[in-house]
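Peer 1: dropping a prediction and its sequence here:
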Amino acid sequence: MLQLQAIRDNKEEIINALKKRNIDAAPLLQEVLQLDEKRRAAQTQLDATLAESNALSKEIGQLFKTGKADEANSLKDKTGILKEDSKKLSEELHNTTEQLQNKLYQIPNVPHESVPSGNTENDNEEVFKEGDIPTLHTHALPHWELAKKYDIIDFELGVKITGAGFPVYKGKGARLQRALISYFLDKNAEAGYTEMQVPLVVNEASGFGTGQLPDKEGQMYHIGEDDLYLIPTAEVPITNLFRGDLLSKKDFPICYTGYTPCFRREAGSYGSHVRGLNRLHQFDKVEIVRVEHPQHSHKALDGMVEHVKTILRELKLPYRILRLCGGDLGFTAALTYDFEVFSTAQDRWLEISSVSNFETYQANRLKLRFKDEKGKSQLAHTLNGSALALPRVLAGILENYQTENGIRIPEVLIPYCGFDTID
RNA sequence: GGAGGAAUGGCAGAGUGGUCGAAUGCACUAGUCUUGAAAACUAGCGAGGGUCACACCUCCGGGGGUUCGAAUCCCUCUUCCUCCGCCA
């Protein structure tokens, strides 16, 4: 959520920046400013009424104390009117505030200056590329065929017990999965991220805090009976750990990592691009989350990108980094780098990590602030990224590491797996 | 699930109808002293709205009510603690 003060001060800049997302925010911002003005007018009026009423109450108290009951009683009539007025005014204030809030929720984050404009993923800007694309043997298979051939992932079994998009990992497949999780967590810990284990279901307030609610309810599984949501990413519970906090600057930098399964309804996604592990309802991910001082957040973002690079380098997977264009940028992000692994057998790039700076957008919703040098509280910056999402990394490994005699295990994972080949 | 108790500023903890946005302690910030630090002393120190700045308004877990007036009384929800039951 954007800050009202920022909209008041920099309306034109914001409208211009939002053009990168291909939206014309002018009418919406205009409405926001009008509602804001209306809200403040109501507030002022209410304040004055309450002030008068407070003063009278004090006076009545004094009169009773000094035994002037008649005078006191005559003043009481007056407060009755004021009470009615203030009730009406506070209702008006409440309504206006709610309308204003709803409008504010509709405005996406302002893209960072480095974000290229563009409409679709084709307009994303490739900023880095590394790793050799392997030459596979002539009978190379996509990962869903490999999974079947070596009996390491069973999609049909998942359908039987749950439904499509809930695979069952078997034997060495399960072990490799667990190895990746441990390996990622270890790498993140090494880089200074504190490991956290958090709940996999969250309440409504948490959904609002990170921006999944309102509007994106459809993405999350909702447990109606208890009004809880299955997390779509560890970003939600981990970032919400700080909801409502007032930090001091010495608390920075805050670096957390956590492994969680992630649940996504992904309504309406079907077709060849979602085959196998490409898109699932339940998948595993290791996430990194940072809470930063505004001055250091973009440096922190670069640090996160470098960190993810080192992991992919160690895994010896060919990958590239994209800076997302305005049209592809998530609603709450100011700047996002996507990591994609090249799947040689599918001959396409697979997104395996998304690293973003949300600046104050989430913090404003979360009321996550810190005391600055002058002792004033201001909003912190939040960031997060995948380090990494499992299924497509697994797909990349299976496909890129396949040989005629089986699938080799990347060297760094062998100690975690306890075997070096899947055959 | 049953019975009882509790929720106050960053933390601890007073406060049972007006003088309470709230004692006190700790923490924190600035200053004095010191080569520096510690200790001691002095001062400041909750959050949000509002204002050029004041004024003023709101907030004592959330919501509602009683009253001229509520941290304080009533209702309700949530959470925590103690005891009992059940249970991995």
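Peer 2: Everything's here; your move.
Peer 1: in contact with the nearest residue to A:Phe208 once chain neighbours are set aside, which residues?
Peer 2: Computed as C-beta to C-beta, 6 or more residues apart in numbering, the closest residue to A:Phe208 that is not its neighbour in sequence is A:Arg365, at 6.1 Å. Quick note: C-beta positions are derived from backbone N, CA and C, even for glycine. Residues near A:Arg365 by C-beta atoms under 8 Å, 6 or more residues apart in numbering: A:Met1, A:Phe208, A:Gly209, A:Thr210, A:Gly211.
Peer 1: and which of those is nearest RNA strand B?
Peer 2: A:Met1 (12.6 Å; C-beta to the nearest atom of the strand).
Peer 1: how about low-confidence regions in the stretch 1-150 of chain A?
Peer 2: For the stretch 1-150 of chain A, no stretch has pLDDT under 70.
Peer 1: in the helix or strand hosting A:Lys148, what counts as buried?
Peer 2: If you go by DSSP states H and E, A:Lys148 is part of helix A:143-149. Buried residues in helix A:143-149, counted by 16 or more other C-beta atoms under 10 Å: A:His143, A:Trp144, A:Glu145, A:Leu146, A:Ala147.
Peer 1: so what's the gap between the helix or strand that that helix is followed by and the chain middle?
Peer 2: Downstream of helix A:143-149, the first helix or strand assigned by DSSP H and E is strand A:153-154. A distance of 30 Å separates the centroid of the chain from that of strand A:153-154, by C-alpha atoms, centre = their mean, to the nearest Å.
Peer 1: any idea which helix or strand comes after strand A:153-154?
Peer 2: From strand A:153-154, the next helix or strand downstream (DSSP H and E) is helix A:155-161.
Peer 1: can you give me the buried ones in that next one?
Peer 2: Buried, per 16+ other C-beta under 10 Å, within helix A:155-161: A:Phe155, A:Gly158.
Peer 1: name the helices or strands packed onto the helix or strand following it?
Peer 2: Per DSSP H and E, the first helix or strand lying C-terminal to helix A:155-161 is strand A:168-169. When contacts are defined as 3 or more C-beta pairs under 8 Å, 6 or more residues apart in numbering; DSSP states H and E, strand A:168-169 sits against strand A:153-154, helix A:155-161.
Peer 1: report the distance from strand A:168-169 to the chain centre.
Peer 2: 27 Å.
Peer 1: try stretch A:130-149
Peer 2: The chain centre lies 32 Å from the centre of stretch A:130-149; the measure is C-alpha atoms, centre = their mean.
Peer 1: flag every buried residue along the helix ranked longest in chain A.
Peer 2: If you go by DSSP state H, chain A has its longest helix at helix A:26-65. Within helix A:26-65, the residues that count as buried by 16+ other C-beta under 10 Å are A:28-29, A:32-33, A:35-36, A:38-39, A:42-43, A:45-46, A:49-50, A:53, A:56, A:60, A:63.
Peer 1: the residues you listed: which ones sit near RNA strand B?
Peer 2: Restricting those to those near RNA strand B by C-beta under 7 Å from any atom of the strand leaves A:Gln43, A:Leu46, A:Leu50, A:Ser53, A:Leu56, A:Ile60.
Peer 1: quick one: the contacts of A:Arg365 as a markdown table, columns for secondary structure and distance to A:Ile81 too.
Peer 2: Output for the contacts of A:Arg365, formatted as a markdown table (DSSP: H, G, I helix; E, B strand; the rest coil; distance: C-beta to C-beta, whole Å):
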| residue | secondary structure | distance to A:Ile81 |
| --- | --- | --- |
| A:Met1 | coil | 38 |
| A:Phe208 | helix | 38 |
| A:Gly209 | helix | 41 |
| A:Thr210 | helix | 45 |
| A:Gly211 | coil | 44 |
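Peer 1: farthest pair within the residues you listed?
Peer 2: Maximum pairwise distance among those (C-beta to C-beta): 11.2 Å, between A:Met1 and A:Thr210.
Peer 1: neighbour count: those two, which is higher?
Peer 2: Taking other C-beta atoms under 10 Å, A:Met1 and A:Thr210 do not tie; A:Thr210 has more neighbours (26 against 20).
Peer 1: quick one: that one and A:Met220, what's the gap?
Peer 2: 11 Å (C-beta to C-beta, to the nearest Å).
Peer 1: the nearest residue to A:Leu4 once chain neighbours are set aside and A:Ser377: what is the separation?
Peer 2: Nearest non-adjacent residue to A:Leu4, counting by C-beta to C-beta, 6+ apart: A:Asp36, 5.9 Å away. In this view, A:Asp36 and A:Ser377 are 21 Å apart by C-beta to C-beta.
Peer 1: how close does the nearest residue to A:Asp251 once chain neighbours are set aside sit to A:Ile254?
Peer 2: Excluding its sequence neighbours, the residue lying closest to A:Asp251 (C-beta to C-beta, 6+ apart) is A:Phe370, at 7.0 Å. Here the criterion is C-beta to C-beta. By it, A:Phe370 lies 10 Å from A:Ile254.
Peer 1: which neighbours do the two share?
Peer 2: With C-beta under 8 Å, 6+ apart as the test, A:Phe370 and A:Ile254 both reach A:Leu247.
Peer 1: these two: which is more packed in?
Peer 2: A:Phe370 (23 against 19).
Peer 1: host element of that one?
Peer 2: Here A:Phe370 is assigned to strand A:369-371, by DSSP H and E.
Peer 1: which strands and helices sit next to that strand?
Peer 2: Counting by 3+ C-beta pairs under 8 Å, 6+ apart, strand A:369-371 packs on strand A:246-248, strand A:377-379.
Peer 1: so for RNA strand B, which of those sits nearest?
Peer 2: RNA strand B lies closest to strand A:377-379 among these, at 3.7 Å (C-beta to the nearest atom of the strand).
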